Each structure stands twice: as C-alpha cells, then as structure tokens.
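Q: Below: sequence and its predicted model.
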Amino acid sequence: MHFVARCEVQSVVDVNNQSSFLTLNALNEFDPKYSGVDWRQKLETQRGAVLATELKNNANKLAKWTAQAILANADLMKLGYVSRVHPRDHFNHVILGVVGYKPRDFAAQINLNPANMWGIVRSIVDLCMKLNEGKYVLVKDPSKPQVRIYEVPADAFENDYVEEPLPEDEQVQPPTKDAEGGETNVTTNDVEDKEIEAQT
C-alpha cells in the first residue's frame, strides 16, 4: 500500500551553503489576568514553564504542528510567542520571542511518538479497505472519543449551487444617525406599515 501525504514548509534558509526547510507557527498569549502566566515577564527567565503551560492547554495543536514538520521533513520548526499590544486590541500584536526546535527532538520532548501517528492512520485505512467501493464521510463525535464512518451518495458534495445575493430591499441596512447623534433603525416590517396605513 502506498500512502501519499501533502505537506508544506513555510521558509527556507541557507545554513553552510545548504538549504534548510523550516515550518513556522505562532502561539498566542491568553489574557495573563486569567491564565496566570505573563509571557512578558516569564518568557526570558522561565521559557520552559511557558511552554509547559501551552502544552497542557493546547497539546493537540502542538502535536499537530510537530507531526506536520516531521511529515514535511523539515530541518527546524520555529514557534513564535505572540501577544496583543493591549488585551482589548485584537488588531495589533507583538512577537515576544521565537524559539527553534528540531522536529524529532521536540516530539520526544512533548511525548509524541511518530510511530503511533502512523498506527492511527493505519487503523483507519484498514477499516476503510474493508468497506465497499463508494464515497464515505469520516465524522468525529463531538461529545465522545469516537469516530464514525457514513456512506454517502456518489454525487454528494458535487452540486453546481451558486448562492445569489439577496435583493436590495431584503438586505438588512446598517443603523443611521439621527439629528441628535443617536442611532435609528431604518428597517421596518410589513405589520408596522399596514398599521400606519390603516390609521391615516
């Protein structure tokens, strides 16, 4: 059985006249008031503690990034620690630090077994090979540690449906400012219109 995986790398750097492939990912700081870990104070002195907290809260995300770097045969994976300039400003960010790891070393550090990744894929592939030829959908149950496979018609998900915009009179209009600076809602419904017409 041949298995093909599509992989990506985000950067290439020249090290000693040789090209090295890099994957780049960013960890976003949660509000320190709630998380209890202020990256601006702890990142320089206690980088391991910051990474351990992220690993506890986002183990799947870090494992996924590591698996992608291993599959892409990247020489290095870089993690950027990104924080908001101000907790309420979701537009402006600052990079507090960037750390590079060798993917296989980082996998060992976070207890990710690359052989086990292929074991999971192999189990799903073996299950699919027992099914009749057709189209199937693999769905993870949201509330249980369970995956289900559903058979769907051969033409499922292949329609030529194009969503057309609503006519202008049916679109919701943004509120406008009145003379006093307050917002007034422009939209009215049919019931109000009929009541006004009946009174005049």
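A: Received it, and whenever you're ready, just let me know what you need.

Q: Show me the strands in this protein, by range?
A: Here the chain has its strands, by DSSP state E, at 11-15, 18-28, 76-84, 93-101, 135-140, 147-152, 176-177, 183-184.

Q: winner for burial among those?
A: strand 76-84 (a mean of 19; mean count of other C-beta atoms under 10 Å). C-beta: built from backbone N, CA, C; applies to glycine.

Q: With just CA atoms, put that one into PDB.
A: Provided in PDB are the C-alpha atoms of strand 76-84 (Å, rounded to 0.1, in the frame of the first residue of the first chain):
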ATOM      1  CA  LEU A  76      13.700  23.000  12.000                       C
ATOM      2  CA  MET A  77      10.300  24.100  13.400                       C
ATOM      3  CA  LYS A  78      10.100  27.600  14.800                       C
ATOM      4  CA  LEU A  79       7.500  28.700  17.400                       C
ATOM      5  CA  GLY A  80       6.700  32.300  17.800                       C
ATOM      6  CA  TYR A  81       5.300  33.700  21.100                       C
ATOM      7  CA  VAL A  82       2.800  36.300  20.100                       C
ATOM      8  CA  SER A  83       0.900  38.700  22.300                       C
ATOM      9  CA  ARG A  84      -1.600  41.500  21.900                       C
END
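
Q: quick one: strands adjacent to it?
A: Note on strand 76-84: by DSSP bridges, its sheet partners are strand 18-28 (parallel), strand 93-101 (antiparallel).

Q: Pretty sure P32 sits against V50.
A: No. Contact criterion C-beta atoms under 8 Å: P32 and V50 do not qualify, at 11.0 Å.

Q: Those two: which is more packed in?
A: Remark: of P32 and V50, V50 carries more neighbours, 22 against 15, as counted by other C-beta atoms under 10 Å.

Q: Identify the residues contacting the residue most central in space within the chain.
A: Closest to where the C-alpha atoms of the chain average out (C-alpha atoms, centre = their mean) is K61, at 8.6 Å. Listed by C-beta atoms under 8 Å, 6 or more residues apart in numbering, K61 has no contact partners.

Q: measure it to I149 for me?
A: Noted for K61: a distance of 25 Å to I149, by C-beta to C-beta, to the nearest Å.

Q: follow-up on the earlier one: now tabulate the strands of the chain in JSON lines and tack on mean pLDDT and distance to L55.
A: Putting those into JSON lines (pLDDT from 0 to 100; distance: least, C-beta to C-beta, whole Å) gives the following:
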{"stretch": "strand 11-15", "mean pLDDT": "89", "distance to L55": "24"}
{"stretch": "strand 18-28", "mean pLDDT": "93", "distance to L55": "10"}
{"stretch": "strand 76-84", "mean pLDDT": "93", "distance to L55": "11"}
{"stretch": "strand 93-101", "mean pLDDT": "92", "distance to L55": "12"}
{"stretch": "strand 135-140", "mean pLDDT": "91", "distance to L55": "22"}
{"stretch": "strand 147-152", "mean pLDDT": "91", "distance to L55": "24"}
{"stretch": "strand 176-177", "mean pLDDT": "64", "distance to L55": "50"}
{"stretch": "strand 183-184", "mean pLDDT": "52", "distance to L55": "46"}
